[in-house]
Structure formats: structure tokens, C-alpha cells
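# Give me a model of this one.
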Amino acid sequence: MASVEPIRPAPREPVALHSRAMDNLRFIRETMERARPFTAVPGWGGCVMGVTALAAAFVASRQPTAERWLIVWLMEGMLAIGIGAMAMKMKSEAAGEPLFSAPARRFVLSFAPPLLAGALLGGVLYRSNLAAAIPGTWLLLYGTGVVTGGAFSVRVVPVMGLCFMAIGAVALILPLWAGNVALGVGFGLLHVIFGAVIARRYGG
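Presented below is the predicted three-dimensional model:
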């Protein structure tokens, strides 16, 4: 004799109410985290970076060869990266936010590629005896990184990036000694000015 099959499938067990609520809360929290701007851009750290860049511009201007000039600025670049990373870490900890949050990852992924491109192009330009084009290239690409990364940060950051790009555009047509001055104005004065603005409006 054939077995009798039910016409309607057996109802599934209902999802527990607390599980559904936890899923909704997790979704809301992740959405809010993705929408939150990256506020750990260093203010006072940017000022320190600016001071070291001004010192580097002075030291670089006294070098007898383009090679030694380039070494000074490469050392300054590594120092500035260290200062910026430490300042971001301290600011994130002071705000009680994780350093590698979703906004921070978006900022870094947008900011880092132009910097890497600038480092590579600097070497190519030097080997091609086009050292005078290095300051403008560095300033333009650094400004590009600040603009693209700043799209996920506070409003003043992209403005700072546009200022870097403007100085870089001018520096492209300048001789090396004037390009060195442009590097001092950009990496030095702009970092000090905008660092102070960021520190006052958004904390250190």
C-alpha cells in the first residue's frame, strides 16, 4: 500500500527573534561605520611633518649634487611617513576608535597608490636626468592622494590636496632650486597650516 505524502511541506522552524534583531543591529552598525568619515588625519602630527619638511628643504638646498639633494628628500619622506603613522595611531587611540576601521582602510587604499607612483616616477626622472621635474611630480601625486583619500575624510583634507596639486603644477616648470622651494612650501608650510586647522577643528 502506497504511503500518504502531505500536500504542504512541513513548516520550517521560525528564526528566533533575538537572532534576527542581532543581524539587523550588525547590519546597521556596519553601514554606519562605512558611512562615517575618517577623522584620524593627524593635525599636530601634520604640523610636525611640516617642520621637518622645512628643515629638509633648507638642508637639501645646500647639497652640491642632485643625488645628495634627492637623498635628503627621500630621508625626509621616510621620516614623514613614520611621524604620520604614529600621529594617526595616537589620535585613533585617543578617540577610542580602531586604527584599521572601514573608513581608515578606504582612506589608505585611496591615498597610498599615488604616493607609490610618485616614489617610482622620482627614480625614473632622476635616471633620465630630469631631476627638476621631481618636485612637481611629487607634489602633484601627493596632492592627488590627499584629494582621493580625503573624499573619505573631513572636508578640509581634499582642500589641502588641491593646494598641493596647484603648487605641484607650478613646480613642474621651475628649475630644481626653485622646485626645492616649492617642496618646502608644500610639504612644509601647507602641512603646518592645514595641520593646525585640523587640530583646532577636529582634535590633535
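# nearest residue to Leu121 other than its sequence neighbours?
In space, and not counting its chain neighbours, Leu121 is closest to Thr137: 5.3 Å by C-beta to C-beta, 6 or more residues apart in numbering. Where you see a C-beta, it was placed from the backbone N, CA and C, and this is true even at glycine.
# Give me the helices and strands touching the lengthiest helix in the chain, please.
Looking across the chain with DSSP state H, the single longest helix is helix 66-95. In terms of contacts (3 or more C-beta pairs under 8 Å, 6 or more residues apart in numbering; DSSP states H and E), helix 66-95 is packed against helix 44-61, helix 102-127, helix 176-183.
# can you rerun that using 6 Å?
Here helix 66-95 touches helix 44-61, going by 3 or more C-beta pairs under 6 Å, 6 or more residues apart in numbering; DSSP states H and E.
# Flag every buried residue along the helix it packs on.
For helix 44-61, burial by neighbour count (16 or more other C-beta atoms under 10 Å) applies to 44-50, 52-54, 56-57, 60.
# quick one: contacts of that helix?
69, 72-73, 76, 79-80, 83-84, 87, 180, 183-184, 187-188, 191-192, 195-196, 199, 204 (C-beta atoms under 6 Å, 6 or more residues apart in numbering).
# what angle separates the helix or strand that contains the residue nearest to Leu121 from helix 102-127?
Assigned by DSSP states H and E, Thr137 belongs to helix 134-150. Interaxial angle, helix 134-150 versus helix 102-127 (axes from the mean of the first three to the mean of the last three C-alpha atoms, to 10 degrees): 170 degrees.
# Give me the residues contacting helix 134-150.
Contacts of helix 134-150 (C-beta under 6 Å, 6+ apart): 107, 110-111, 114-115, 117-118, 121-122, 125, 157-158, 160-161, 164-165, 167-168, 171-172, 179, 182-183, 186.
# what is the mean pLDDT for that helix?
Mean per-residue pLDDT for helix 134-150: 93.
# Just want the angle from that helix to helix 176-183.
Computed by the same axes, to 10 degrees, the angle separating helix 134-150 from helix 176-183 equals 20 degrees.
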